[in-house]
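> got a predicted model here, sequence first, then my questions.
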Amino acid sequence: MLQRKYRLDNGVTKLIILALPLFICSYSLGGQSNEVVVQECADKGPFERSEQEEKVTANKKTIQSFFDNFNENKISDAFALVSEDVKWWVPGTLPFSGTKTKAEYLGIVKRIQEGFPQGFKLNVTHMIGEETMVAAEVESLGKHANGMTYNNKYHFLFTIGNDGKIIAVKEYMDTQHLANILAGPHR
């Protein structure tokens, strides 16, 4: 059992409510020493939270790796992080809107690469995670083959499976901005 001691101020013994994200199994007042001894159970509190935090951190690293590989044009490395059974959803009425499989979405990525011969970046600006989900705020930048600059804002909601691979994606963006780019400068 892990024990932590907390020193009481001014030598006065008081019952203190410790605002810690843990379960306290037991405590005792140290009497004359003015210390509160808190025993934390090995199967509760900070140990479960720590494992959960480690999983969230690992999931966020997976998502960052996905975007890093995408930005380096390592598409096969990026999509090695994606499950074969992924459900990838994009809103709107564009040709690639709706729910897609991995193979279908890879086809979309190929068309994106053709439309952006000088490259296309998706830069993560913020990311948060909870349990098996990671939300990423992303900004794109690229010059389309028609000469127009594509600078869109995205929100991705990723779900990560037990094997550490991406199993679901909801990709929100300004679909009108993308439609304008695809229509070209002389629409």
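Done, it's in. Residues are numbered from 1 along each chain as shown.
> all strands in this structure, in order from the N-terminus.
Here the chain has its strands, by DSSP state E, at 2-7, 26-29, 35-40, 82-90, 98-100, 120-130, 133-143, 149-150, 153-160, 166-173.
> what's the burial count for residue 151?
13 (other CB atoms under 10 Å). In short, each C-beta sits where N, CA and C put it, glycine included.
> for it, give its distance to residue 91.
Using CB to CB, to the nearest Å, residue 151 is found at 19 Å from residue 91.
> hmm, back to that, which of the strands of the chain sits closest to residue 52?
Nearest of the strands of the chain to residue 52, taken as CB to CB: strand 120-130 at 9.1 Å.
> buried set for that closest one?
120, 122, 124, 127, 129 (16 or more other CB atoms under 10 Å).
> ok, now which ones touch the residue nearest to the fourth one when sequence neighbours are not counted?
In space, residue 127 comes closest to residue 136 once its chain neighbours are excluded; the distance is 4.7 Å by CB to CB, 6 or more residues apart in numbering. Counting by CB atoms under 8 Å, 6 or more residues apart in numbering, residue 136 touches 63, 67, 124, 126-127, 154-156, 158.
> same thing with residue 112?
Counted by CB under 8 Å, 6+ apart, residue 112 has contacts residue 120.
> again, only using 10 Å
70, 75, 96, 120, 140, 142, 144, 150 (CB atoms under 10 Å, 6 or more residues apart in numbering).
> okay if I get the contacts of residue 136 as a markdown table plus pLDDT and distance to residue 112?
A markdown table is the format used below for the contacts of residue 136 (pLDDT from 0 to 100; distance: CB to CB, whole Å):
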| residue | pLDDT | distance to residue 112 |
| --- | --- | --- |
| 63 | 98 | 19 |
| 67 | 98 | 14 |
| 124 | 98 | 17 |
| 126 | 97 | 23 |
| 127 | 98 | 22 |
| 154 | 96 | 13 |
| 155 | 98 | 18 |
| 156 | 98 | 15 |
| 158 | 98 | 18 |
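> which one of these sits closest to residue 178?
Residue 178 has its nearest neighbour among the contacts of residue 136 in residue 154, at 10.2 Å by CB to CB.
> dig out what that closest one forms beta bridges with.
Listed by DSSP bridges, the beta-bridge partners for residue 154 are residue 138, residue 173.
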